[in-house]
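Trainee: Just a sequence and a predicted model for now, questions to come.
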Amino acid sequence: MEKIGLILDAQKLGDIKEIAISAEDAGFHSVWATELYRTSFQQLAAVVDSTSAIKLGTAVALAFVRTPLNTALTTLDLDEASEGRLILGLGSGAKRTNELWHGIPHGKPVKRITECIELIRLIIERSHMNDTLSYEGEYYDVTLKGYRRAFPPLRPSVPIYLAGVGSGMTRAAGRVADGYIGHVVCTLGYLREVVVPSLKAGLGDSGKDRSAFTAASIITCAPSHDTKRAREAARKTIAFYATVRTYEPPFKMHGFERECALIREAFFGGDVEGMASLVSDDMVRAFAVVGTPDECRKRIGDYREFLDLPILSAPHYFLDFEEVRDYQRAILETFGG
């Protein structure tokens with residue numbers, strides 16, 4: 001079975017466990033926990049003891065709202081609990097949410113995430129050693145004097161994947177991370193024209209071999225024989241992401257600037273149905289994989305030209321969780337081995 005991942009999305013932690021178990025039984029490579037209504041680490045902690053083989057990823061943990069030490073120690077704990085199955089997916093987060101929701105200065109995100117990953121790696125690899133660990137950068141000036149973790153890590157390094165949309169962050173993923181996680185707005189065209197060249201440049205910067213790097217992306221997917229209903233579900237998720245200026249480049253590349261402006265206007269007016277109605281069929285085709293199971297398998301096959309690991313996400317924004325669960329079951333049935 002080719003590698004495929006699944007986003008965990010449910011109303012209750014107990015439901016998240018069931019989805020993870022089903023994904024493991026279906027032969028999925030990995031399950032991934034997002035970070036908005038819950039922390040990604042806590043969701044994975046909830047499924048560790050219910051699974052034994054499937055890899056567990058954060059998609060993505062917000063890097064700037066935690067200290068690198070806190071992130072590193074949480075990573076070490078989860079990696080030990082899962083017996084080496086963790087993939088640490090990190091993202092800078094959006095400037096607006098970092099500053100308004102968390103009260104954290106955003107700074108220059110590419111420079112800051114680079115330092116953050118370097119420091120997390122350093123802590124994972126050396127915090128159990130006797131020598132003083134220190135790091136000095138523009139954003140992080142850390143000296144762990146008098147600190148020594150009392151036990152070594154389960155493994156000397158944990159794979160770190162960096163999320164990105166723009167070319168700068170994507171290039172940084174190729175340069176400093178073990179893998180890349182594209183956002184759901186990364187269309188086939190955007191992957192081809194922006195992501196792949198940026199990753200190539202980043203890998204060239206670091207001298208890393210492409211075979212040692214994993215290119216992944218989250219993809220909104222709704223397999224269904226009721227394609228009209230599935231398209232309507234996908235419209236709502238696409239409409240939400242059209243309101244976020246951080247995700248503007250792919251919409252702009254495909255010529256959907258006018259639609260985005262109208263969707264934002266409806267969003268600020270609290271008109272969810274109006275937002276969805278403004279998402280055209282062309283936008284659904286660009287930003288989601290919707291159709292019969294056979295059609296969805298074929299479309300995801302097209303993504304594999306650019307990705308080592310498609311990570312499938314059911315439509316979820318502005319939907320009842322039971323409908324989300326229906327699409328998750330359909331994904332598991334369609335892509336399970």
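Mentor: Now that the structure is in, tell me what you want to look at. Keep in mind that what you see is a predicted model, and the values were worked out from it rather than measured.
Trainee: So for this protein, the centremost residue is which one?
Mentor: Nearest to the mean C-alpha position of the chain, by Cα atoms, centre = their mean, lies residue 59 at 3.1 Å.
Trainee: Tell me how far it lies from residue 5.
Mentor: 8 Å (Cβ to Cβ, to the nearest Å). For glycine as for every other residue, the C-beta is placed from the backbone atoms N, C-alpha and C.
Trainee: now swap in residue 74 and tell me
Mentor: Taking Cβ to Cβ, one finds residue 74 at 21 Å from residue 5.
Trainee: These two - which one has more neighbours?
Mentor: residue 5 (26 against 21; other Cβ atoms under 10 Å).
Trainee: Identify the residues contacting residue 327.
Mentor: Listed by Cβ atoms under 8 Å, 6 or more residues apart in numbering, the contact partners of residue 327 are 221-224, 230, 233, 314-315.
Trainee: related to what we said a few turns ago, now the common contact residues for residue 59 and residue 5.
Mentor: Residues within reach of residue 59 and of residue 5 at once, by Cβ under 8 Å, 6+ apart, are 32, 311.
Trainee: remind me, longest strand of this structure?
Mentor: Of all segments of type strand in the chain, defined using DSSP state E, the longest is strand 214-223.
Trainee: Parallel or antiparallel, which strands does that one pair with?
Mentor: Strand pairing for strand 214-223, determined by DSSP bridges: strand 179-182 (parallel), strand 288-291 (parallel), strand 309-313 (parallel).
Trainee: Could I get the average pLDDT for the second one?
Mentor: Strand 288-291 shows a mean pLDDT of 98 in the predicted model.
Trainee: Check what contacts that strand and list those residues.
Mentor: By Cβ under 8 Å, 6+ apart, the residues outside strand 288-291 that reach it are 219-224, 227, 230-231, 234, 237-238, 284, 296, 299-300, 312, 315.
Trainee: average model confidence for stretch 183-190?
Mentor: On average, stretch 183-190 scores 97.
Trainee: now stretch 295-304
Mentor: 98.
Trainee: before we move on, back to that, with distance to residue 99 as new columns, can the contacts of residue 327 be given to me in JSON lines?
Mentor: Below are those laid out as JSON lines (distance: Cβ to Cβ, whole Å):
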{"residue": "221", "distance to residue 99": "32"}
{"residue": "222", "distance to residue 99": "34"}
{"residue": "223", "distance to residue 99": "38"}
{"residue": "224", "distance to residue 99": "39"}
{"residue": "230", "distance to residue 99": "36"}
{"residue": "233", "distance to residue 99": "32"}
{"residue": "314", "distance to residue 99": "30"}
{"residue": "315", "distance to residue 99": "29"}
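Trainee: In ChimeraX, how would I select the buried members of those residues?
Mentor: The ChimeraX selection below is limited to those of the contacts of residue 327 classed as buried (16 or more other Cβ atoms under 10 Å):
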select :221,222,223,224,230,233,314,315
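Trainee: quick check, nearest of the contacts of residue 327 to residue 100?
Mentor: Closest approach between the contacts of residue 327 and residue 100, by Cβ to Cβ: residue 315, at 26.4 Å.
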